[in-house]
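# this one's structure only:
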């Protein structure tokens with residue numbers, strides 16, 4: 001009799017983030033459509049607001065000991081007996097944070113042959129240079145990622161980027177562009193009219209270098225010259241929070257900008273915000289953007305290829321290249337809101353929500 005399959009998902013934690021939301025959706029999808037598959041979640045750290053969202057029947061494992069140095073090495077050593085005991089038939093690891101320990105561990109367990117899938121939800125070539133030991137990370141990615149059966153990225157831009165890193169620009173069938181989907185707990189049942197919303201500008205996500213919140217605040221400071229009472233909310237947390245709090249004070253934005261700790265109910269902020277401002281240095285394709293659009297929040301987005309390629313019409317109303325362009329877009333949206341141009345994108349996001357998660361799971 002065939003043994004039931006076991007899917008092991010490996011990542012860092014369950015804090016606020018796109019990958020963590022994706023993990024919850026994948027678990028939900030499997031429970032609804034592939035209920036015979038056992039799912040286990042292995043984390044480097046058992047922490048984050050999304051831990052409470054994991055169904056009680058899903059086993060969550062994490063080491064009890066952490067160190068400031070060589071934490072990835074300890075996680076790898078912990079993962080070896082865990083994989084040997086659980087004997088997963090499929091492993092889905094996210095980013096190098098989950099992939100490197102998983103693949104190193106499997107080199108020491110050669111009798112196990114699970115199907116290996118990597119979820120690479122970032123522009124890898126830029127991401128690694130914002131983390132520790134970039135040359136080593138790059139070397140490990142080039143060595144270990146080719147061992148995967150499939151590498152799932154979100155956009156053709158990311159696919160090309162990873163091919164350049166690993167395969168010296170040669171196209172590779174292992175790397176598949178599988179678009180992000182709107183999280184399954186979106187959209188809200190009702191979209192609140194723009195005129196009744198009380199938040200002018202919103203950011204949701206990690207407060208770190210990737211999201212470039214100093215640029216976000218510079219833009220807010222320029223908008224404030226026209227709209228002194230502008231209301232801005234930053235929903236999130238991260239390594240740069242203290243730096244951003246200091247910059248808010250330096251720019252005298254304390255009465256305008258509020259940082260709100262991560263919450264499971266981000267819908268309340270999207271639905272009550274007029275503009276969603278994204279100033280990131282790089283992205284995969286952010287779930288927060290789709291969440292914002294699904295709630296009728298007007299997007300103002302930095303011109304990075306991972307995002308701009310999605311918008312084929314009315315780009316001039318959405319994408320900015322300079323701070324001045326961002327300010328003009330925001331002022332137009334706040335003074336004369338026009339929701340018509342985002343409706344085709346809302347329809348597109350809703351239309352492909354189920355299809356994109358179904359396609360993603362097929363590759364695992």
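Cool, the structure landed. Values in this document were obtained by computation on a predicted structure and should not be read as measured data.

# any stretches of the protein with poor pLDDT?
Scanning the chain for pLDDT under 70 picks out the ranges 1-3, 68-70.

# would you map the helices across it?
Remark: helices assigned in the chain by DSSP state H are 18-33, 71-86, 95-107, 124-127, 134-144, 156-166, 213-226, 241-250, 267-270, 287-294, 305-308, 323-335, 343-351, 353-363.

# compare these and give me the one nearest residue 5.
helix 18-33 (9.8 Å; C-beta to C-beta). C-betas here are computed from N, CA, C, even on glycine.

# output the contacting helices and strands for the closest one.
Here helix 18-33 touches strand 6-11, strand 38-43, strand 90-94, helix 287-294, helix 353-363, going by 3 or more C-beta pairs under 8 Å, 6 or more residues apart in numbering; DSSP states H and E.

# ok, back up a step: reformat the helices of the chain as TSV; add mean neighbour count and distance to residue 7.
Converted to TSV, the helices of the chain look like this (neighbours: other C-beta atoms under 10 Å; distance: least, C-beta to C-beta, whole Å):
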stretch	mean neighbour count	distance to residue 7
helix 18-33	19	7
helix 71-86	17	10
helix 95-107	22	13
helix 124-127	19	24
helix 134-144	15	20
helix 156-166	19	23
helix 213-226	20	35
helix 241-250	15	34
helix 267-270	20	28
helix 287-294	25	21
helix 305-308	19	28
helix 323-335	18	42
helix 343-351	15	26
helix 353-363	16	10
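
# among the helices and strands packed on helix 18-33, which comes closest to residue 152?
Among these, helix 353-363 sits nearest to residue 152 (C-beta to C-beta), with 5.7 Å.

# what does the closest one contact?
For helix 353-363, the surrounding residues in contact (C-beta atoms under 8 Å, 6 or more residues apart in numbering) are 25-26, 29-30, 33-34, 117, 150, 152, 176, 178-182, 184.

# cool, stretch 326-337 as well?
194-195, 200-201, 219, 222-223, 226-227, 230, 274-275, 277, 279, 298, 300, 302, 317-318, 320, 338.

# do the same with stretch 161-173
Outside stretch 161-173, the residues within contact range by C-beta under 8 Å, 6+ apart are 120, 123, 124, 125, 138, 141, 142, 145, 146, 151, 153, 175.

# what does stretch 205-223 give?
With contact meaning C-beta under 8 Å, 6+ apart, stretch 205-223 is reached by 16-17, 127, 130, 201, 203, 230, 232, 234-241, 244, 247-248, 251, 253, 256-257, 259, 277, 279-283, 286, 288, 302, 323-324, 326-327, 330-331.

# picking that back up, and the contacts of stretch 161-173, which two are the farthest apart?
It's 123 and 146 that sit farthest apart of the contacts of stretch 161-173, by C-beta to C-beta, at 19.1 Å.

# among those two, which residue is more densely surrounded?
residue 123 (24 against 13; other C-beta atoms under 10 Å).

# quick one: contacts for residue 130?
208, 209, 210.

# can you list the domains in this protein?
For the chain, the structural domains run 6-182+353-363, 194-349, going by automatic domain parsing.

# reformat the ones you listed as a markdown table; add distance to residue 188.
Shown next, in a markdown table, are the domains of the chain (distance: least, C-beta to C-beta, whole Å):
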| stretch | distance to residue 188 |
| --- | --- |
| domain 6-182+353-363 | 11 |
| domain 194-349 | 5 |
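
# ok, back up a step: now the contacts of stretch 326-337: which count as buried?
Neighbour counting with 16 or more other C-beta atoms under 10 Å marks 194, 200-201, 219, 222-223, 227, 230, 274-275, 277, 279, 298, 300, 302, 317-318, 320 as buried within those.
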